[in-house]
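K.L.:
Following is a predicted model, sequence given first.
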Amino acid sequence: MLNIKTFVCNMIEENTYLVWDETKECVIIDCGTYYADERKELVDTIRTEGLRPVHLLATHGHLDHNFGINTIAEEYGLNPKASEKDAPMMAALKEQGATLFGMTIDYEFPTVTHFLKEKEEVRFGSHTFTVLPTPGHTQGSVTFYCKDEEVAFTGDTLFRGSVGRTDFPGGSMFQLISSLRELAQLPDTTRIYAGHGEPTTIGYELAHNPYMDR
């Protein structure tokens, strides 16, 4: 069984996820910890639960989802894994600070050392995430799907009752709608953990989200 802890982080209230199972191996998804207390809470939770981080995953290359990846790299020696299509974004996180947030970032970010491929399996403990390309919010947006547990981490592709923006560079509403149709093929009971906001399910979104259909 998966344990999922959500940390609501930074000035954008982004969801950072810590996911582990009975083996105590864990993954960190979209590490947006920015403030010192947020970084400390994540590291303290990993220590308190006796976890061993094995993957640092990014659903996409926007800064608010990657503010804290340097802490994970420094503490656990993990570099982020992301889609190659978002490689330019991941390589320009400091620049995003200036252009998107009007801020100066005085620390360095670790580089992506592994590019995620379509249908790639990310294994940890006794569980597996399948990488589903879900472009639209960015060209390299991906969803991490665990079939056995019926859980999906959708980043900024699908929210409860809404969807991600497509007006940033690389965004495409056409691609986003296509990605949503792919996600709609998952079982109705699939739990959705989005990049912002509350969890939901595919069934709820099909009934209530105007962007979702089969």
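P.N.:
Nice, I can see it.

K.L.:
any idea how far Leu42 is from the nearest residue to Asp86 once chain neighbours are set aside?
P.N.:
The spatially closest residue to Asp86, leaving aside those adjacent along the chain, is Gly140, at 3.0 Å (C-beta to C-beta, 6 or more residues apart in numbering). Placement of C-beta: from N, CA and C, glycine included. Counting by C-beta to C-beta, to the nearest Å, the gap from Gly140 to Leu42 is 24 Å.

K.L.:
Phe144 touches Val131, doesn't it?
P.N.:
Yes. Between Phe144 and Val131 there is a contact at 6.6 Å, judged by C-beta atoms under 8 Å.

K.L.:
more crowded one of the two?
P.N.:
Neighbours per residue (other C-beta atoms under 10 Å) separate Phe144 from Val131, with Phe144 holding more: 26 against 20.

K.L.:
Tell me the secondary structure at that one.
P.N.:
Of the three states, Phe144 takes strand according to DSSP: H, G, I helix; E, B strand; the rest coil.

K.L.:
Quick one: mean pLDDT for whatever helix or strand Phe129 lives in?
P.N.:
For Phe129, the enclosing helix or strand under DSSP states H and E is strand 127-133. The pLDDT scores in strand 127-133 average 98.
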